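Asks: Provided below for reference: sequence and predicted model.
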Amino acid sequence: MVSGWVKPEPWMLDTVADTLGMSRDRVERLASRRIIRFRSFRGLLYASLKREVSKYPEGTVVIIGRGWGRLIYGYPPIRRIVLPEVALPKYFIDKVVVEEKLNGYNVRVVMLDDHLYALTRGGYICPYTTSRIDRELGEKLRELLFELGPEDHVVAGEVVGLENPYTRHYYREAPKFGYFVFDILRGDHFLPPRFREEMTAKHGISQAPILAVIDKNDMETFRTIIDRLEREGREGVVLKDPSYRVRPLKYTTHYTNIEDIRIGMKFFFEEGMEFVKSRLLREIFMAYSKKLEEDDLEKLALELGMAALKPAIDAVREVAAGESIYEEFTLVFNNYAELKEFIEYMSEMGVNLTLIYTKKNREGIAAKLRKIRETSIHIRRILETGLAPID
């Protein structure tokens, strides 16, 4: 069976219904509305939830076999805080694990019949991420999952580095490609951060750094950590209860808010406006928390304005000069078949990539790929008509 979208057969619907504890009719309705989506990956059948359904988060996956199904819970969203001095004392019970938040994309790794599969946040098996993680960490992850019990444990982590197709940010500790574990789950139960730390250290796997364990009222230490991350151009922190008695929270640095706006506004018809809206909210309350006065507010306003306007205006100028707005990135594959598989997968996800060139090196096949952004189309239409598509 080739990889791709699958029209579910009756027995597949039955398996998903039994695994999720739903009626067959409900699963069929959800499938007809594309809320449950069926795919195959290298002969493995699975179904994923496009959005939250009942108690199952978006990205929940059911691996489908004849007469059996394996449930892999979606990774739940983490609430964001904008006023730490208010949120931490009210939300946490006593101690808080302060863990670095890395700037990449969320990947759950599962093992089935000694094969590793990398699931994206949306609940799809990414062929590139699966192959790359297997190449970089396959033996270590297999040993870890085998020790824990691969039938009901999942490793969750962040893929970072420049050689990935989704979120590229340079990290000196993983400049090309790295996988940093931030959670180990048994079913839908999150195991304590210290246990994760012990298990990853035992098997030689990188983890999201635990920066400190603080009292929930210790704002001085919290601010010291954030200030250091700010100076180093890091993303922020995830805050966890040592025993997962309450769900985690997250907080990002001013540096990240500004960089997100600057990057997003290059493609302002696709993501920039939402980037500005959410990050402006963060900056409003950060300024309030820091008690910024007029001089500092003016500096902040200039920084925000330049981050929002300059990349967008540069994009208009580029299109006006006959160019297109695009992203380019380089990925490394084991072989040409995996490169073809990935391009087809992205096309099925609605992302069309252009292959610029390939080059063999010691690591495999390095492929430079280009993704044309829709912002080009909208800008070109405005330049031709002079009319705004939004009021």
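Replies: Done, it's in.
Asks: whichever helix or strand Glu198 is part of packs against which elements?
Replies: Glu198 belongs to helix 193-203 when assigned by DSSP states H and E. The contact analysis (3 or more C-beta pairs under 8 Å, 6 or more residues apart in numbering; DSSP states H and E) places helix 193-203 against helix 127-148, strand 178-186. In short, each C-beta sits where N, CA and C put it, glycine included.
Asks: now the longest one, how far from the chain's geometric center?
Replies: Computed by C-alpha atoms, centre = their mean, to the nearest Å, the separation of helix 127-148 from the middle of its chain amounts to 18 Å.
Asks: hmm, back to that, and the helix holding Glu198, how far from the chain's centre?
Replies: That offset, for helix 193-203, works out to 22 Å (C-alpha atoms, centre = their mean).
Asks: show me the strands in the stretch 201-350 of the chain, by range?
Replies: For the stretch 201-350 of the chain, the strands defined by DSSP state E, counting those that start in this stretch occupy 210-215, 236-240, 249-252, 326-333.
Asks: of all the ones you listed, which one comes closest to Tyr91?
Replies: Closest to Tyr91 of those, according to C-beta to C-beta: strand 249-252, at 6.5 Å.
Asks: partners of that closest one in the sheet?
Replies: Using DSSP bridges, strand 249-252 pairs in its sheet with strand 79-80 (parallel), strand 236-240 (antiparallel).
Asks: most tightly surrounded among those strands?
Replies: Each of the strands paired with strand 249-252 was scored by mean neighbour count; the highest is strand 236-240, a mean of 25, by mean count of other C-beta atoms under 10 Å.
Asks: got the angle for that one vs helix 193-203?
Replies: 110 degrees (axes from the mean of the first three to the mean of the last three C-alpha atoms, to 10 degrees).
Asks: neighbouring contacts of strand 236-240?
Replies: Strand 236-240 is contacted from outside by 78, 81, 88, 92, 96-101, 182, 193, 208, 211, 225-226, 229, 248-253, 256, using C-beta atoms under 8 Å, 6 or more residues apart in numbering.
Asks: just the mean pLDDT for that strand, thanks.
Replies: Strand 236-240 carries an average pLDDT of 98.
Asks: give me the angle between it and strand 178-186.
Replies: Using the same axes, to 10 degrees: strand 236-240 against strand 178-186 is 20 degrees.
Asks: returning to what we had before: now the helix holding Glu198: mean pLDDT?
Replies: Confidence over helix 193-203 (mean pLDDT, whole number) is 97.
Asks: what do you get for stretch 329-336?
Replies: For stretch 329-336, mean pLDDT rounds to 96.
Asks: show me which positions of it end up buried.
Replies: Across stretch 329-336, burial judged by 16 or more other C-beta atoms under 10 Å covers 329-333.
Asks: in this structure, which residue is closest to the centre?
Replies: In the chain, the centroid-proximal residue (C-alpha atoms, centre = their mean) is Tyr105; its distance is 2.7 Å.
Asks: the strands paired with strand 249-252: which one's closest to Tyr166?
Replies: Of all the strands paired with strand 249-252, strand 236-240 sits nearest to Tyr166, with 18.5 Å by C-beta to C-beta.
Asks: chain center to the closest one, what's the gap?
Replies: Strand 236-240 has its C-alpha centroid displaced from the chain centroid by 15 Å (C-alpha atoms, centre = their mean).
Asks: please apply the same query to stretch 186-194.
Replies: 19 Å.
Asks: quick one, strands of the stretch 1-150 of the chain?
Replies: 4-5, 36-41, 44-49, 61-65, 68-72, 79-80, 95-101, 105-112, 115-120.
Asks: from the contact counts, what lies against the helix or strand of the chain with the lowest mean pLDDT?
Replies: None of the helices or strands of the chain scores lower by mean pLDDT, DSSP states H and E than helix 273-290, at a mean of 90. Applying 3+ C-beta pairs under 8 Å, 6+ apart, we find helix 273-290 packed against helix 254-264, helix 294-320.
Asks: measure how buried the nearest residue to Gly138 once chain neighbours are set aside is and give me the count.
Replies: Leaving aside its chain neighbours, Gly138 sits nearest to Leu116 (6.0 Å; criterion: C-beta to C-beta, 6 or more residues apart in numbering). As a burial measure, Leu116 scores 19 neighbours (other C-beta atoms under 10 Å).
Asks: tell me how far Leu116 lies from Leu102.
Replies: The gap separating Leu116 from Leu102 is 20 Å, by C-beta to C-beta, to the nearest Å.
Asks: got it, and Phe267?
Replies: 22 Å.
Asks: neighbour-wise, which of these two wins?
Replies: Higher neighbour count among Phe267 and Leu102: Leu102, with 25 against 21, using other C-beta under 10 Å.
Asks: go ahead and confirm the more buried one touches Phe180.
Replies: Yes: if you go by C-beta atoms under 8 Å, Leu102 and Phe180 touch, sitting 5.7 Å apart.
Asks: anything in contact with each of the two?
Replies: Listed as contacting both Leu102 and Phe180 by C-beta under 8 Å, 6+ apart are 158, 160, 208.
Asks: which regions of the stretch 151-300 of the chain sit below the pLDDT cut-off?
Replies: Within the stretch 151-300 of the chain, the ranges that satisfy pLDDT under 70 run 272.
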